[in-house]
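Asker: Would you be able to build a 3D model of this:
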Amino acid sequence: MDIDLIELRTLKPLDMETIRDSLQRTNKLCILDESTRSGGVGATISSRVCEEMFDLLDAPVIRLAMDNTPVPYASSMEKVVVKRSTDLIEGVTKLCTSRI
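Answerer: Numbering: from 1, shown residues only. Coordinates of the predicted model:
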């Protein structure tokens, strides 16, 4: 499996050119976002990609984000709620191997 990994350094301005370059190579997008599913940065990126680069997508954008719940204070509970690297690996594997 050959993937592009983009770590955005800033959100404003959002580096849409880097995202576009990656989509031109891969045609798929998986977003890992530590914030909630609604109103998070991942939702904004997904929306902009769908609005501006829809023709580059071969599959729906996958967003890995927290459910719409408050972040627990206890670190043991936080680990269950906040998405981790294992969730990203699972999501990317699913995106790359599924027939959509």
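
Asker: The residue nearest to the spatial centre of the chain: what secondary structure?
Answerer: By Cα atoms, centre = their mean, the chain has its centre lying nearest to I31, at 0.5 Å. Recorded secondary structure, I31: strand (DSSP: H, G, I helix; E, B strand; the rest coil).

Asker: So it sits against G42, correct?
Answerer: Yes: using Cβ atoms under 8 Å, I31 is in contact with G42, at 4.3 Å. Heads up, the C-betas are built off the backbone N, CA and C, glycines and all.

Asker: Let me know the distance separating the residue of the chain most remote from its centre from K83.
Answerer: Distance from the C-alpha centroid of the chain peaks at A74, with 25.2 Å (Cα atoms, centre = their mean). Relative to K83, A74 is positioned 17 Å away (criterion: Cβ to Cβ, to the nearest Å).

Asker: Run a quick neighbour tally on I6.
Answerer: By the criterion of other Cβ atoms under 10 Å, I6 has 14 neighbours.

Asker: any common contacting residues for I31 and G42?
Answerer: R63, L64, A65 (Cβ atoms under 8 Å, 6 or more residues apart in numbering).

Asker: What number of residues are in the vicinity of the second one?
Answerer: Around L64 sit 18 other residues, with neighbours defined as other Cβ under 10 Å.

Asker: so which strand or helix has it?
Answerer: Using DSSP states H and E, L64 maps to strand 62-66.

Asker: wait, isn't V41 in contact with L32?
Answerer: No: contact criterion Cβ under 8 Å: V41 and L32 do not qualify, at 10.4 Å.

Asker: Compare the two (neighbour count), which wins?
Answerer: A count of neighbours by other Cβ under 10 Å puts L32 above the other of V41 and L32, at 18 against 15.

Asker: so the more buried one touches M66, yeah?
Answerer: No: contact between L32 and M66 fails when scored by Cβ under 8 Å: they sit 10.9 Å apart.
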